[in-house]
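Enquirer: structure of the sequence below:
(3 chains, ligands or ions: 3)
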Amino acid sequence: MLVKNTWYVAGMATDCSRKPLARTFLNEKVVLFRTHDGHAVALEDRCCHRLAPLSLGDVEDAGIRCRYHGMVFNASGACVEIPGQEQIPPGMCVRRFPLVERHGLLWIWMGDPARANPDDIVDELWNGAPEWRTDSGYIHYQANYQLIVDNLLDFTHLAWVHPTTLGTDSAASLKPVIERDTTGTGKLTITRWYLNDDMSNLHKGVAKFEGKADRWQIYQWSPPALLRMDTGSAPTGTGAPEGRRVPEAVQFRHTSIQTPETETTSHYWFCQARNFDLDDEALTEKIYQGVVVAFEEDRTMIEAQQKILSQVPDRPMVPIAADAGLNQGRWLLDRLLKAENGGTAP
Amino acid sequence: MLVKNTWYVAGMATDCSRKPLARTFLNEKVVLFRTHDGHAVALEDRCCHRLAPLSLGDVEDAGIRCRYHGMVFNASGACVEIPGQEQIPPGMCVRRFPLVERHGLLWIWMGDPARANPDDIVDELWNGAPEWRTDSGYIHYQANYQLIVDNLLDFTHLAWVHPTTLGTDSAASLKPVIERDTTGTGKLTITRWYLNDDMSNLHKGVAKFEGKADRWQIYQWSPPALLRMDTGSAPTGTGAPEGRRVPEAVQFRHTSIQTPETETTSHYWFCQARNFDLDDEALTEKIYQGVVVAFEEDRTMIEAQQKILSQVPDRPMVPIAADAGLNQGRWLLDRLLKAENGGTAP
Amino acid sequence: MLVKNTWYVAGMATDCSRKPLARTFLNEKVVLFRTHDGHAVALEDRCCHRLAPLSLGDVEDAGIRCRYHGMVFNASGACVEIPGQEQIPPGMCVRRFPLVERHGLLWIWMGDPARANPDDIVDELWNGAPEWRTDSGYIHYQANYQLIVDNLLDFTHLAWVHPTTLGTDSAASLKPVIERDTTGTGKLTITRWYLNDDMSNLHKGVAKFEGKADRWQIYQWSPPALLRMDTGSAPTGTGAPEGRRVPEAVQFRHTSIQTPETETTSHYWFCQARNFDLDDEALTEKIYQGVVVAFEEDRTMIEAQQKILSQVPDRPMVPIAADAGLNQGRWLLDRLLKAENGGTAP
Ligand code: FES
Ligand code: FES
Ligand code: FES
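Expert: Ligands and ions are numbered 1, 2, ... in the order given. Next comes the predicted model:
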């Protein structure tokens, strides 16, 4: 079961052009393209005539032309041309999905279009802020998106999955502070402070100071699948826990977003931003590669977990203390699913 | 549902030799080989002993020997030798499929053998006619054969799928004349005249004249899946529509034949013949390559269509005016299926 | 249906080290590793926490640590550490499979652990005997293990599948003597004597004599899937059938063992031993390559047979005289299955 009535990320804004792009979201084939006036559009990627994919077609001024028999559909999905036929019968159309371009991302609504309100799109992303250098990437996962969410809501795994990149020994036993926003769709704020601790290798590699640090991971997770994180390391005792960020502190802003592709595959977009050495391209590349290595460590583990789940879907999981965050996340997702399905459990 | 009681093409006659050849038709594994006297034979590709494929075996004078435990089956499928055993129990055999060699092709009957009448094999193919230079090819399709038939019965797609090869803009809106033979199993004759029109790139590339042409595509389609076409371009006004073919006219004869392999895969054989420059091998190759490029354009579209159909098999298709030919084709196929299944709809 | 309450081979003893090894037996994912004291252990390859594979983990002194969130499981499968949590709830464990190291092999019990008695492990394997030079190998099969057993219990196939390696023409019609041990789980002894016959190419290639030979294949098969064979060639008339093995005789001892991986895939381990030229490494390699070529001939046939069986699982097989051995083998396996399932047929 997947939550439908929510805004999912369909891609980076720059992914979308006059060249049609085929992507699947929530098991639905979608074609993304820009109209002649630059407007991003998402239509069902199936011509209503004989089901050829519109993504093999061409974008013209009037819309997208199916390359099989030449029918044209406009940005609303309505058919506006049938070659060799004068009349266009009423109702000749393909499904349109609400699509909004914001924060450099494309947001798609796969559920009931009547409920799509762009005001509900998560705000306050760091992408594109001028004082930050942002880099972004994409990972395709052979796993259900909830397994990725589980991973993000429980950072004890940093100690074991990422010992040489993002993690430190201390990550295994640190108890995070978890706060749940009881308004709206719910939102978790997870705060992890590692005082007078070692830096992770990734921070060590870019820090302008040596020795012990006060480190933090403070992140907000919005269901179903969006995480915004403030993370960094400051020299021990320079006031980071009290809110003071000295200039030599390493500071990152991170965004991780998942969109279900199918029940067992997912899209994963991430943005990594830093507020230091903004023009150092070698540093940008170095940080990006470090993130990619760490994210591959996650992917290896999560895809292995999915394989097992697909083989023994009914095998129970046994809870441990570290599950506090992911349990709240799963509870929030279940609540969304229940709300969407008339109050009954999925 | 696939029509069973009909002659399907099993391959080119030259495909079949003393070396056993494994092919699947209508979901059945078949082994094709020639006996010592050159007779082409089709047997079930499963030894009756322990189901090893006979196609891994060897053809001997007495028949085909299973390479697992050495049983031999003759051209009728009857077991004629069991190593280490004197008696051959009655009924020890594999299924034989009626197979006829005609027009340089092998024709196989997958249905009730009692109904297999070689007189029903479609006649008047151009293959091998002395005044024509024939070249042939094979394509394997990841699609149900009816999707290929649909494509062949609606040439409006030439404008969109083949704009740089077979098609012209005029193909999109030209209304063909469609005649149905109401005798026998039915046969459609589709006539398309493009008067004083541009030639397709394929014709331009071989024509001995320039400028506008009277072009034609006149083809007969016999259910379930055989098309014979007379196609060409003559200089405008030289009498082609009235039946006069001036020497500088470009003339082709084309045959396209599909055989279901499974419900979602198909064999496709084609023959392309011309009546000019018969000995120009470079031209033969050039034309062949042009056809291959165009047929790959079809395959890309049709296999994409099949993928969607496999995902949403119940999604309705919406008819348009251009479907006149393919609708008649589907109606004829349905009629064959109903006849085969006791008059009830499949 | 697979027999569960029996000792299967899980690998060569040397396969198992401190580095965890993932293998599947009878559809169950298992992790194999050695503890700090060198003891070989087999656990369920699924952490009880969130089902990550333990085989991605690390072996430490206390046991194997899951690399996802760091739980540790000891050699009994009991959880002995949960990072960030003092108490380990009772029953926190993964399944342990009885594992015994014997004859250089690992033997695993996938059924009811209470019935696992190491005394039931087949004894008298030739592996590692000092007067013999042993070489061993592994093959992965895309086929149910019973198809491999069938193959081993009917050597008429040597004539057809291995004409240039293991087989001779005479293999096709030779009637073996088959004796069934009516005690215990049953055991077949199959004796094949080829008197004054040609040697197989494999024997010819290593024999120190030329001309006709008295050849033998004497093997015991223990259900479900273990074969021990004494095979060789001696110069004709030198007393081999009476039990005299002259020094120039070619003598091999062979072991073939199958373990079901899934219903349609299998593990296959084999050991080949000879009692001549023990230190001739080039000869060892030559013999090994000969065996590998021959075993690939089997694999090609058996995997082709499996493909057909998967397509038409209900297609009956027709018995012939050569099936005597394999029929007894199948009967013994059915009896084991029935005994295991409360006397009812599977
Ligand atoms: S399938 Fe799109 S126009 Fe025919
Ligand atoms: S399977 Fe063909 S002879 Fe045995
Ligand atoms: S899945 Fe093994 S410790 Fe969490």
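
Enquirer: ok, residue A:51 to ligand 2 distance?
Expert: 43 Å (CB to the nearest ligand atom, to the nearest Å). Where you see a C-beta, it was placed from the backbone N, CA and C, and this is true even at glycine.

Enquirer: excluding its backbone neighbours, what's nearest that residue?
Expert: residue B:308 (4.8 Å; CB to CB, 6 or more residues apart in numbering or on different chains).

Enquirer: next secondary structure after the helix or strand harbouring the one you found?
Expert: Per DSSP states H and E, residue B:308 falls inside helix B:281-311. Going down the chain from helix B:281-311, the next helix or strand is helix B:324-340, by DSSP H and E.

Enquirer: I'd guessed residue A:43 sits against residue A:96; true?
Expert: Yes - counting by CB atoms under 8 Å, residue A:43 does reach residue A:96; the two are 5.6 Å apart.

Enquirer: three-state assignment of residue A:3?
Expert: Classification of residue A:3 using DSSP: H, G, I helix; E, B strand; the rest coil returns coil.

Enquirer: any residue of the helix holding residue B:308 up close to ligand 1?
Expert: No - judged by CB under 6 Å from any ligand atom, helix B:281-311 stays clear of ligand 1, getting no closer than 7.3 Å.

Enquirer: buried residues, that helix. List them.
Expert: B:283-284, B:287, B:290-291, B:294-295, B:297-299, B:301-302, B:304-306, B:308-309 (16 or more other CB atoms under 10 Å in any protein chain shown).

Enquirer: do stretch A:161-173 as well
Expert: Buried-residue list, stretch A:161-173, by 16+ other CB under 10 Å: A:161-163, A:165-168, A:170-172.

Enquirer: nearest to residue A:340 among these?
Expert: residue A:161 (32.2 Å; CB to CB).

Enquirer: contacting residues for the residue lying closest to that closest one once chain neighbours are set aside?
Expert: Excluding the flanking residues, the one nearest residue A:161 by CB to CB, 6+ apart is residue A:297, at 5.0 Å. When contacts are counted by CB atoms under 8 Å, 6 or more residues apart in numbering or on different chains, residue A:297 is found next to A:161-162, A:165.

Enquirer: sort out for me which of those residues are in helices.
Expert: Mapping those onto helices (DSSP state H) picks out residue A:161.

Enquirer: state the helix or strand in which the spatially most central residue of chain A lies.
Expert: Centroid-nearest residue in chain A: residue A:257, 1.2 Å away (criterion: CA atoms, centre = their mean). According to DSSP H and E, residue A:257 maps onto strand A:250-260.

Enquirer: buried stuff in that strand?
Expert: A:250-260.

Enquirer: and for stretch A:314-326?
Expert: So, applying 16+ other CB under 10 Å, buried residues of stretch A:314-326: A:318, A:320, A:322-326.

Enquirer: can you dump the C-alpha coordinates of stretch A:176-189 into CSV?
Expert: Written as CSV, here are the backbone C-alpha positions of stretch A:176-189 (Å, rounded to 0.1, in the frame of the first residue of the first chain):
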residue,chain,number,x,y,z
PRO,A,176,18.3,10.9,20.0
VAL,A,177,15.7,13.3,21.1
ILE,A,178,12.6,12.7,19.0
GLU,A,179,9.8,15.2,18.8
ARG,A,180,6.6,14.8,17.0
ASP,A,181,4.7,17.7,15.6
THR,A,182,1.1,16.8,16.4
THR,A,183,-0.4,19.2,13.9
GLY,A,184,-1.0,18.6,10.2
THR,A,185,0.3,15.4,8.7
GLY,A,186,2.9,15.1,11.4
LYS,A,187,6.6,15.7,11.2
LEU,A,188,9.4,14.3,13.3
THR,A,189,12.3,16.4,14.5
